[in-house]
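Q: Build me a model:
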Amino acid sequence: MALIPIVKYGDPRLKRKAQPVDPKDPSLKPLVRDMFETMYQSDGVGLAANQVGLLKQVVVIDVGGREKPEPLVLLNPVIMETGGEVEEEEGCLSIPDIRAKALRAGFCRVKALDLEGRPLEVASDGLLGKALQHEVDHLNGVLFVDRLRMTSKALISGKLKALKKETERALKDGKG
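A: Predicted coordinates for the structure are as follows:
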């Protein structure tokens with residue numbers, strides 16, 4: 001298994017829409033394995049492929065973690081239904097050290113394919129429901145900071161600007 005560098009806030013790939021994948025693509029299984037390892041090493045609960053620089057509709061989620069793994073792989077996921085509204089603290093591996101209260105649906109139902117290409121449907125509230133929305137948002141070029149109230153975004157705007165500048169400098173220097 002290999003760790004994959006996580007793309008940081010300010011990298012334009014995070015704002016681009018990912019493309020559907022063919023479940024028969026032989027590169028997907030090693031990618032998913034490496035995405036899980038990267039996510040676990042980073043203490044995350046979800047990771048979308050564009051967070052590792054690939055504009056592919058691939059998501060890995062595990063709200064159980066290494067102690068009680070509940071791995072979930074979603075190919076070409078689409079949110080089919082949402083309900084209610086919650087505003088809870090959220091973070092993102094691509095936006096390190098920044099947490100804020102984001103607006104989300106309280107419940108979410110997603111349709112996707114599993115790694116074998118079989119249809120899959122997941123419905124949840126709580127942490128899994130939030131993770132489903134967060135990761136599908138990534139595939140559509142939407143970040144959790146895009147879901148903040150203006151007052152919350154204002155509180156972290158300085159940190160976001162600094163991270164964006166750091167990322168842009170790294171990309172310019174060929175280190176991103």
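Q: Quick check: buried residues in the lengthiest helix in the chain?
A: Using DSSP state H to define each element, the chain has its longest helix at helix 150-172. With burial defined by 16 or more other CB atoms under 10 Å, the residues of helix 150-172 counted as buried are 152, 156, 160, 163, 167, 171. Just so you know, the C-beta spots here come from the backbone N, C-alpha and C atoms, and that holds for glycine as well.
Q: Distance from that helix to the middle of the chain?
A: Computed by CA atoms, centre = their mean, to the nearest Å, the chain-centroid distance of helix 150-172 equals 18 Å.
Q: repeat for stretch 82-91
A: 15 Å.
Q: With just CA atoms, put it into CSV.
A: What follows is stretch 82-91, C-alpha atoms only, in CSV (Å, rounded to 0.1, in the frame of the first residue of the first chain):
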residue,chain,number,x,y,z
THR,A,82,-31.9,14.7,1.8
GLY,A,83,-34.0,15.8,4.7
GLY,A,84,-33.8,18.2,7.6
GLU,A,85,-31.0,20.6,8.4
VAL,A,86,-28.1,20.5,10.8
GLU,A,87,-25.2,22.8,11.5
GLU,A,88,-22.3,21.0,13.0
GLU,A,89,-18.5,21.4,13.2
GLU,A,90,-16.7,19.9,10.2
GLY,A,91,-13.2,19.6,9.0
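Q: thinking again about what came up before, residues in contact with the longest helix of the chain: which ones?
A: 8-11, 95-98, 100-102, 145, 148, 176 (CB atoms under 8 Å, 6 or more residues apart in numbering).
Q: Can you pick out the most distant pair from those residues?
A: Lys101 and Gly176 (28.7 Å; CB to CB).
Q: residues of the longest strand along the chain that come out buried?
A: Identified as the longest strand of the chain according to DSSP state E is strand 72-83. Neighbour-count burial for strand 72-83, with 16+ other CB under 10 Å as criterion, is recorded at 72-77, 79, 82.
Q: any chance of the contacts of helix 150-172 in CSV, with pLDDT, distance to Asp125 and secondary structure too?
A: Putting these into CSV (pLDDT from 0 to 100; distance: CB to CB, whole Å; DSSP: H, G, I helix; E, B strand; the rest coil) gives the following:
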residue, pLDDT, distance to Asp125, secondary structure
Lys8, 96, 30, coil
Tyr9, 95, 27, coil
Gly10, 94, 32, coil
Asp11, 95, 31, coil
Ile95, 96, 24, strand
Pro96, 93, 27, strand
Asp97, 91, 27, strand
Ile98, 93, 25, strand
Ala100, 93, 20, strand
Lys101, 93, 17, strand
Ala102, 92, 15, strand
Val145, 94, 22, helix
Leu148, 93, 21, strand
Gly176, 63, 36, coil
